[in-house]
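**Student:** coords please:
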Amino acid sequence: MDFKEYPDAELMMIDLANQLAGDLENALLTHDRVSFAVPGGTTPGPVFDTLSAVDLGWDRIDVMLTDERWVPETSDRSNTRLLRERLLVDKAASATLIPLYADAPTPEDKLPSLAAALDPLLPISVMLLGMGADMHTASIFPEADQLDAALNGSDNLVAMCAPGAPEPRITLSAKVLKGAMCRHIVIIGDEKRAALDKARHLKPHEAPVAAVLSGSTVHWART
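**Tutor:** Purely as a prediction, here's the structure:
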């Protein structure tokens, strides 16, 4: 694991966006198409704002989420909505979105078709992950109902319910996360820094992010 500390979050987001752009540009030099996986939530929005304005071969980039809440795009909790509003705009509007949500009562109803669209794009070329204070990453939560399947199973996508999560989730499995060719993790604040330090000494079942720390670059700013 590489660790990068920044004086503030604003500078971190700009620098991280530039690094991701460089990683994508390098991948495009050797591949006709590349895949780019990103988290939802509140943290990565500023990264998306900067990245969307970068002049890249976006028409050759397949963008996907690392996980999604099972809600329609009309919901303000939809990660897909966040991507459409803050990443897939400006120059990045020509990228192709690979969905992790479809109109159905549960993620299990659409898991086979969503996985079929994902499988040809693996391994993921460039990945950005977040981490919660509970040491989850993507939607692989401690004490989730399908935790073992997400950490150790052979499936690329896993449907997940977790304590405290108000809706079902769908997530890339640890196998897919670990298989990414280039992987970054972004965190902000002392609480998450303490969680990261703790996770480095725990097993993935206790701290799911521990499954992907090796080979990742972690970016942290206090505020």
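**Student:** mind saving the C-alpha coords of stretch 178-188 as PDB?
**Tutor:** Extracted in PDB, the C-alpha atoms of stretch 178-188 (Å, rounded to 0.1, in the frame of the first residue of the first chain):
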ATOM      1  CA  LYS A 178      -8.400  -6.800  -6.300                       C
ATOM      2  CA  GLY A 179      -8.100  -7.600 -10.000                       C
ATOM      3  CA  ALA A 180      -8.000  -3.900 -11.100                       C
ATOM      4  CA  MET A 181      -4.900  -2.900 -13.000                       C
ATOM      5  CA  CYS A 182      -4.600   0.400 -11.100                       C
ATOM      6  CA  ARG A 183      -6.400   1.200  -7.900                       C
ATOM      7  CA  HIS A 184      -6.800   4.300  -5.700                       C
ATOM      8  CA  ILE A 185      -8.600   4.800  -2.400                       C
ATOM      9  CA  VAL A 186      -9.700   8.200  -1.200                       C
ATOM     10  CA  ILE A 187     -10.500   9.100   2.400                       C
ATOM     11  CA  ILE A 188     -11.000  12.400   4.300                       C
END
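**Student:** Give the buried residues for it.
**Tutor:** By neighbour count on 16 or more other CB atoms under 10 Å, the buried set for stretch 178-188 is 180, 181, 182, 183, 184, 185, 186, 187, 188. For every residue, glycine as well, the C-beta is placed using N, CA and C.
**Student:** how much distance is there from that stretch to the middle of the chain?
**Tutor:** 8 Å (CA atoms, centre = their mean, to the nearest Å).
**Student:** go on, stretch 50-61?
**Tutor:** 17 Å.
**Student:** Give me the contact list for it.
**Tutor:** Stretch 50-61 is contacted from outside by 13-14, 17-18, 20-21, 24-25, 28, 32-36, 86-96, using CB atoms under 8 Å, 6 or more residues apart in numbering.
**Student:** Buried members of those into ChimeraX, please.
**Tutor:** With 16+ other CB under 10 Å as the criterion, this ChimeraX line picks the buried residues out of these:
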select :13,14,17,20,21,24,28,34,35,36,86,87,88,92,95
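**Student:** returning to what we had before: can you list the buried residues of stretch 178-188 in CSV and add pLDDT?
**Tutor:** CSV is the format used below for the buried residues of stretch 178-188 (pLDDT from 0 to 100):
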residue, pLDDT
180, 98
181, 98
182, 98
183, 98
184, 98
185, 98
186, 98
187, 97
188, 97
